[in-house]
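Q: coordinates only, sequence not included:
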């Protein structure tokens with residue numbers, strides 16, 4: 001809901017439980033008024049008449065109070081907007097008007113020939129903010145154009161939560177006190193990165209289910225930066241947007257414009273769990289395509305075959321996969337060009353004639369005949385020097401004149417900002433998806449930018465932004481032309497996960513680390529912001545050959561992967577008949593609980609810190625608990641779990657044991673009999689009766 005004061009200078013956006021308010025002063029300073037519990041317009045108007053403190057000349061009364069700080073004038077905080085022309089740098093803007101369209105509020109300012117529009121939209125309790133810059137004057141360079149600045153209320157102290165990591169160890173939750181100065185996270189790698197997810201949360205004393213939590217998440221899949229600043233007067237402000245530093249985003253000529261990505265904010269008084277559930281509901285409703293449709297159980301061939309593949313071998317794996325109940329069969333790397341290793345073939349997106357003499361269509365049709373969908377792996381933004389594409393167009397890669405072209409994983413990055421590269425990829429991928437009944441594409445990105453040059457381009461810096469805009473445009477174009485094809489975002493695991501790519505893909509590959517115990521911590525962090533509906537998780541072979549050679553029971557591996565979108569990535573030709581039979585039972589069970597996992601509300605009952613870890617999903621009158629006993633001390637049984645969000649006056653039947661629980665439900669019998677040994681797990685289902 002959007003409300004506007006009679007004088008047209010105070011604006012209030014409200015969701016079911018929260019409100020966000022801004023005010024334009026008589027001096028045309030746009031001030032932040034409120035972000036927190038829901039208030040009335042009269043409350044916002046009362047806040048608007050409070051005078052600013054008098055700090056000048058050594059501090060600015062605007063700092064930490066201004067809604068969108070620009071560079072220039074009486075301001076000392078990090079600017080959200082920094083621009084320059086040949087004559088001057090900075091912004092001296094004036095208010096022009098406000099506009100509304102549906103639930104969107106636009107506050108329009110002007111500085112000479114530059115129009116700056118601040119956009120606001122409340123979706124449920126998530127505030128979406130972004131900025132449009134429209135240049136009608138002389139050529140202007142955008143040094144920095146953040147999507148928003150978020151102002152927090154005065155508190156004694158704040159704790160900062162973030163998700164950090166590296167390849168194979170993504171999305172790990174870190175929390176600590178916020179101190180004076182700035183905490184800056186981001187990526188200067190050209191993609192979202194494994195090192196940080198673009199999300200932060202701040203609280204003072206919140207628990208998992210109680211207390212205020214403020215969170216912000218950026219929807220951008222390239223280099224980015226979020227800065228959390230505790231100012232000298234202890235006020236806290238958060239800025240964030242595309243680009244890591246202030247070396248330049250774009251150059252705008254007259255008539256050109258730039259729209260920043262969305263920087264979304266959420267206030268919750270339901271603790272970290274309540275904030276997560278609100279983020280999940282927002283993404284399922286407004287971000288992820290077709291989120292009301294449950295994702296299928298998939299099999300991926302990579303860990304079974306790596307590059308050594310053939311049509312006959314894939315057909316054998318497909319038969320095994322269909323027999324255990326898999327619904328989507330995916331051929332990973334190695335099906336195209338001269339791709340017999342990671343040294344060749346990237347860029348040549350036609351089936352290898354030796355391995356698939358009639359193309360992919362016969363295998364796809366065979367997979368369909370087995371009752372499964374068919375998918376493939378691609379990495380369109382990359383090229384191997386040993387490829388027909390590179391031999392024909394070496395100028396199409398990012399590179400600096402006179403410098404060595406750095407190869408990582410034996411590959412280079414295509415300059416997707418070029419129109420000719422975009423058109424080549426469109427023709428190749430559209431032709432590929434038209435050549436066979438393909439239902440799913442795993443879109444990978446396996447190296448960072450290193451030589452981000454563009455010889456001959458007047459403003460080569462723009463490739464950092466335009467690469468991402470071209471990626472989005474290509475995905476949008478392919479989805480429109482092939483509406484039945486689902487896409488997964490992958491970047492060597494979790495290197496490209498954000499609200500921007502999630503708005504164009506159906507799920508994401510969380511990590512290349514498929515060890516089921518490591519995955520508990522990775523999935524715990526991922527769940528702080530993103531829903532299980534988007535989180536791909538595989539059951540692979542034991543011991544885990546890729547990372548740590550740790551052994552785990554098939555039971556533990558399945559229950560770990562069932563916390564998201566279940567997949568299987570082991571070599572099914574080596575599984576015993578007993579293992580295949582057990583796998584079929586787990587797949588069947590997952591299909592029964594899938595609506596709860598992928599569309600239900602998530603409750604993190606116990607974090608994965610050793611001992612017992614558990615999560616709960618609730619949808620309607622049903623609930624399911626996934627629990628993992630990572631280790632036991634002195635042979636003691638697993639402790640009981642108090643479940644969440646159940647009616648204390650109702651009765652619930654445990655489908656595993658037939659027991660009926662009433663009141664504050666404690667699940668203990670199933671856990672104590674179901675968890676054995678150092679690594680084991682269980683699934684418990686309850687239904688209201």
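A: Everything's here; your move. Bear in mind the structure is a predicted one, so any value in this text is a computation, not a measurement.
Q: Give the other helices and strands that the lengthiest helix in the chain contacts.
A: For the chain, the longest helix by residue count, based on DSSP state H, is helix 577-599. Judged by 3 or more C-beta pairs under 8 Å, 6 or more residues apart in numbering; DSSP states H and E, helix 577-599 is in contact with helix 311-323, helix 554-561, strand 565-568, strand 612-619, strand 622-629, strand 680-688. C-beta: built from backbone N, CA, C; applies to glycine.
Q: ok, then the element right after that helix?
A: Per DSSP states H and E, helix 577-599 leads on to strand 601-606 as the next helix or strand towards the C-terminus.
Q: and that following strand, which strands flank it?
A: When pairs are called by DSSP bridges, strand 601-606 turns out to pair with strand 612-619 (antiparallel).
Q: ok, and what's touching the strand it pairs with?
A: The contact list for strand 612-619 (C-beta atoms under 8 Å, 6 or more residues apart in numbering) reads 520, 524, 527, 532, 563, 593, 595-597, 599-607, 623-630, 638-639, 641, 643-646, 671, 675.
Q: Tell me how far residue 639 lies from residue 538.
A: Relative to residue 538, residue 639 is positioned 29 Å away (criterion: C-beta to C-beta, to the nearest Å).
Q: Can you name the residues that contact residue 405?
A: Residues 385, 397, 399, 412, 451 are the ones in contact with residue 405 under the rule C-beta under 8 Å, 6+ apart.
Q: In this structure the first one contacts residue 399, no?
A: In other words, residue 385. No: using C-beta atoms under 8 Å, residue 385 makes no contact with residue 399, being 11.5 Å away.
Q: Can you tell me the SS state at residue 292?
A: Residue 292 falls in the coil class when you classify it by DSSP: H, G, I helix; E, B strand; the rest coil.
Q: And residue 443, how close does it get to residue 658?
A: 46 Å.
Q: who has more neighbours, these two?
A: Set side by side, residue 443 and residue 658 give different neighbour counts by other C-beta atoms under 10 Å, the larger being at residue 443 (24 against 7).
Q: could you measure the residue nearest the centre of the chain against residue 163, distance?
A: Closest to where the C-alpha atoms of the chain average out (C-alpha atoms, centre = their mean) is residue 498, at 2.8 Å. Using C-beta to C-beta, we find residue 498 at a distance of 11 Å from residue 163.
Q: One more: residue 227?
A: 16 Å.
Q: Name the residues that touch stretch 102-115?
A: 1-2, 11, 13, 22, 24, 30, 83, 91-100, 116-123, 132-138, 140, 254.
Q: likewise stretch 50-61?
A: 31, 62, 63, 65, 74, 75, 76, 77, 232, 233.
Q: Can you give me every residue that contacts the first one?
A: The contact partners of residue 31, by C-beta under 8 Å, 6+ apart, come to 22, 23, 24, 25, 48, 52, 62, 65, 66, 67.
Q: partner residues bridging the nearest residue to the fifth one once chain neighbours are set aside?
A: Counting by C-beta to C-beta, 6 or more residues apart in numbering, the nearest residue to residue 48 once its immediate chain neighbours are dropped is residue 23, at 4.1 Å. Taking DSSP bridges as the rule, residue 23 bridges to residue 10, residue 31.
Q: For this protein, give me the ranges with low pLDDT.
A: Across the chain, the stretches falling below the confidence threshold (pLDDT under 70) are 56, 632-637, 663-679.
Q: which residues in it form helices?
A: Along the chain, the stretches classed as helices by DSSP H are 41-48, 271-286, 302-305, 311-323, 361-369, 388-392, 419-435, 463-481, 499-502, 516-526, 554-561, 577-599, 669-674.
Q: how many other residues sit next to residue 388?
A: Residue 388 has 16 neighbouring residues, counting by other C-beta under 10 Å.
Q: Contact partners for the residue lying closest to residue 449 once chain neighbours are set aside?
A: Across the structure, with C-beta to C-beta, 6+ apart as the measure, the residue nearest residue 449 apart from its sequence neighbours is residue 190 (3.1 Å). For residue 190, the residues meeting the contact criterion (C-beta under 8 Å, 6+ apart) are 222, 223, 413, 448, 449, 452, 464, 467.
Q: tally of neighbours for the first one?
A: The one in question is residue 222. The number of residues near residue 222, taken as other C-beta under 10 Å, comes to 28.
Q: do the same with the second one
A: Residue 223 is surrounded by 25 other residues when neighbours are defined as other C-beta under 10 Å.
Q: And residue 385 and residue 399? Which one has more around it.
A: Set side by side, residue 385 and residue 399 show unequal neighbour counts under other C-beta under 10 Å, the larger going to residue 399 at 21 against 18.
Q: do you know how far that one is from residue 465?
A: Computed with C-beta to C-beta, the distance linking residue 399 and residue 465 is 18 Å.
Q: thought residue 491 was touching residue 191?
A: Yes: A contact is recorded between residue 491 and residue 191 when judged using C-beta under 8 Å, the distance being 5.7 Å.
Q: hmm, back to that, who touches both of residue 385 and residue 399?
A: Counting by C-beta under 8 Å, 6+ apart, the residues touching both residue 385 and residue 399 are 405, 412.
Q: For the closest residue to residue 252 other than its chain neighbours, grab the count of nearby residues.
A: Nearest non-adjacent residue to residue 252, counting by C-beta to C-beta, 6+ apart: residue 135, 4.0 Å away. For residue 135, the neighbour count with other C-beta under 10 Å is 23.
Q: I'd like the distance between residue 135 and residue 256.
A: For residue 135, the distance to residue 256 equals 6 Å [C-beta to C-beta].
Q: and if you look at residue 161?
A: Summarising the geometry, the distance separating residue 161 from residue 256, computed by C-beta to C-beta, is 38 Å.
Q: got it, and residue 113?
A: The value you get for residue 113 to residue 256, if C-beta to C-beta is used, is 11 Å.
Q: between these two, what contacts are shared?
A: Applying C-beta under 8 Å, 6+ apart, one finds that residue 113 and residue 256 are jointly contacted by residue 135.
Q: just to revisit the earlier point, for residue 161 and residue 256, indicate the residue with more neighbours.
A: The neighbour count for residue 161 versus residue 256, taken as other C-beta under 10 Å, is higher for residue 161 (20 against 14).
Q: ok, that one touching residue 203?
A: Yes: contact between residue 161 and residue 203 holds when scored by C-beta under 8 Å: they sit 7.4 Å apart.
Q: between the two, what contacts are shared?
A: residue 272.
Q: Run through the residues that contact residue 622.
A: When contacts are taken as C-beta under 8 Å, 6+ apart, residue 622 is in contact with 596, 685, 686, 687, 688.
Q: ok, of the residues you listed, which come out buried?
A: Among those, those buried by neighbour count (16 or more other C-beta atoms under 10 Å) are 596, 685, 686.
Q: Provide a list of residues in contact with residue 440.
A: Going by C-beta under 8 Å, 6+ apart, residue 440 touches 298, 328, 330, 373, 374, 375, 376, 485, 486, 487, 488.
Q: Any chance of the helices of the chain in a markdown table with distance to residue 457 as columns?
A: Below are the helices of the chain laid out as a markdown table (distance: least, C-beta to C-beta, whole Å):
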| stretch | distance to residue 457 |
| --- | --- |
| helix 41-48 | 47 |
| helix 271-286 | 36 |
| helix 302-305 | 36 |
| helix 311-323 | 42 |
| helix 361-369 | 40 |
| helix 388-392 | 20 |
| helix 419-435 | 12 |
| helix 463-481 | 8 |
| helix 499-502 | 24 |
| helix 516-526 | 37 |
| helix 554-561 | 45 |
| helix 577-599 | 44 |
| helix 669-674 | 61 |
